[in-house]
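Novice: just a sequence and a predicted model for now, questions to come.
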Amino acid sequence: MDVLRRPWMMDPRAVDGFLPVVASWLLGREFVFEERGPLQIRLATAAMFNPENVDSLDDVPENTMAIVPVKGELLKYDSMCAFGTTSLANVIKVAAVNKNITGVVLDVDSPGGSVNAIPPLLEAIGMAKRMKKTVVVHGDLVASAALYASVFADYIVADNELSSEFGSVGVMVQFDDYREYWEKQGIKEHTVYAPESTHKNAEFEAALDGDYKPLQKNILSPLAVQFQEAVKKNRGKKLNMATEGLLTGKMFFGGDAVAAGLADGIGSLYKAVEMAYMVAEAKRFKG
């Protein structure tokens, strides 16, 4: 449903990557979906990085960092193969109210997703900050909707110089017009609105007739401007506004992302955990 009805903030390359799968599925070929499995949360302490997964945040040592995975395409609700941002946000909130947890490291590898997947993450990150918890992002692919949420973190670490990418600040909507096809099949579709419903679906009806301006003006542009403003507000003086394509959809590899101000440094997940402790300590020092 989200694919068909939602505006998306997502790297188009990820969208195109699904086309062979969708085509094969529509052709009736057999698919075996990998089970979603449990939501894998990891813990780290100042003395020791623990890569093992835990099932609960109820019993953790003092001064612990919770590592929450934000992987794949972002949807608001859980699906057959992945956890939605509502579930991820709940984990972040649990960490935020736990007195033994100092902060949260979001381990991000995502091309983005649906626009409605973003608010749960923003609410949870905001709650963590209000509870004086540090929030650090460790990212490999951090694009579009994933970047929107990530810029609210205290610090952002790009995983490496070779494959890590940040950016794709933008909004898109894509839909197909089957009217001509169905007419050739002898089927004519009629859409009738009440006289009182003059603005209902007006943007999409105009787009179907080749006029994209209402859709761009009333739906896509407001979302794109909000995205740009979120990046500018939260990254602030770190942004190099002279960077071509910075707020208009360009992707940047590790070092270039740091130079553009979309990330603060480069390093492994271990480095991100170290930075989380350093940021937490700096916050305590400032009071």
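Specialist: That came through fine. Residues are numbered from 1 along each chain as shown.
Novice: mind pulling up the pLDDT for the residue of the chain positioned farthest from its centre?
Specialist: Among residues of the chain, the one most distant from the C-alpha centroid is G186; the distance is 42.4 Å, by C-alpha atoms, centre = their mean. Among the per-residue scores, G186 holds a pLDDT of 96.
Novice: so it, which of the three states?
Specialist: In three-state terms, and counting by DSSP: H, G, I helix; E, B strand; the rest coil, G186 is coil.
Novice: so who does it touch?
Specialist: The contact partners of G186, taken as C-beta atoms under 8 Å, 6 or more residues apart in numbering, number zero. Glycine gets a C-beta too; all of them are placed from N, C-alpha and C.
Novice: state the distance from it to K133.
Specialist: Taken as C-beta to C-beta, to the nearest Å, the spacing of G186 relative to K133 amounts to 61 Å.
Novice: swap in E229?
Specialist: Distance of E229 to K133, computed by C-beta to C-beta: 25 Å.
Novice: which one of those two has more residues nearby?
Specialist: The residue with more neighbours, out of E229 and K133, is K133; 24 against 11, by other C-beta atoms under 10 Å.
Novice: hmm, that one is touching K99, no?
Specialist: No - using C-beta atoms under 8 Å, K133 makes no contact with K99, being 10.5 Å away.
Novice: shared neighbours of these two, which are they?
Specialist: Overlap between the contact sets of K133 and K99, as judged by C-beta under 8 Å, 6+ apart, is nil.
Novice: surely R13 is in a helix?
Specialist: Yes - in this structure, R13 lies within a helix as judged by three-state DSSP.
Novice: check what pLDDT it gets.
Specialist: 75.
Novice: nearest spatial neighbour of it, chain-adjacent residues omitted?
Specialist: Spatial nearest neighbour of R13, excluding adjacent residues (C-beta to C-beta, 6 or more residues apart in numbering): P111 at 7.2 Å.
Novice: distance-wise, check the residue farthest from the centre of the chain relative to N218.
Specialist: G186 is 35 Å from N218, where distance means C-beta to C-beta.
Novice: what of A194?
Specialist: Distance from A194 to N218, counting by C-beta to C-beta: 20 Å.
Novice: so for these two, which sits in the more crowded spot?
Specialist: The residue with more neighbours, out of A194 and N218 and counting by other C-beta under 10 Å, is N218; that gives 13 against 7.
Novice: how about that one, what does it touch?
Specialist: Shown here is N218, whose contacts under the criterion C-beta under 8 Å, 6+ apart are E203.
Novice: if we use 10 Å, what do you get?
Specialist: Under the criterion of C-beta atoms under 10 Å, 6 or more residues apart in numbering, the neighbours of N218 are H199, A202, E203, A206.
Novice: out of these, who's the most crowded?
Specialist: By neighbour count, taken as other C-beta under 10 Å, the most surrounded of the contacts of N218 turns out to be E203 (19 neighbours).
Novice: which of the residues in the longest helix along the chain are buried?
Specialist: Scanning the chain for the longest helix, with DSSP state H as the assignment, gives helix 269-286. Residues of helix 269-286 classed as buried: L269, K271, A272, V273, E274, M275, A276, Y277, V279, A280 (neighbour count, 16 or more other C-beta atoms under 10 Å).
Novice: show me what that helix is packed against.
Specialist: The helices and strands touching helix 269-286, judged by 3 or more C-beta pairs under 10 Å, 6 or more residues apart in numbering; DSSP states H and E, are strand 41-45, strand 49-54, strand 64-71, strand 101-110, strand 134-143, strand 155-158, strand 265-266.
Novice: with distance to G170 added, can I get these in TSV?
Specialist: Putting these into TSV (distance: least, C-beta to C-beta, whole Å) gives the following:
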stretch	distance to G170
strand 41-45	31
strand 49-54	34
strand 64-71	19
strand 101-110	15
strand 134-143	10
strand 155-158	19
strand 265-266	24
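Novice: lowest average pLDDT across these?
Specialist: When these are ranked by mean pLDDT, strand 49-54 comes last with a mean of 74.
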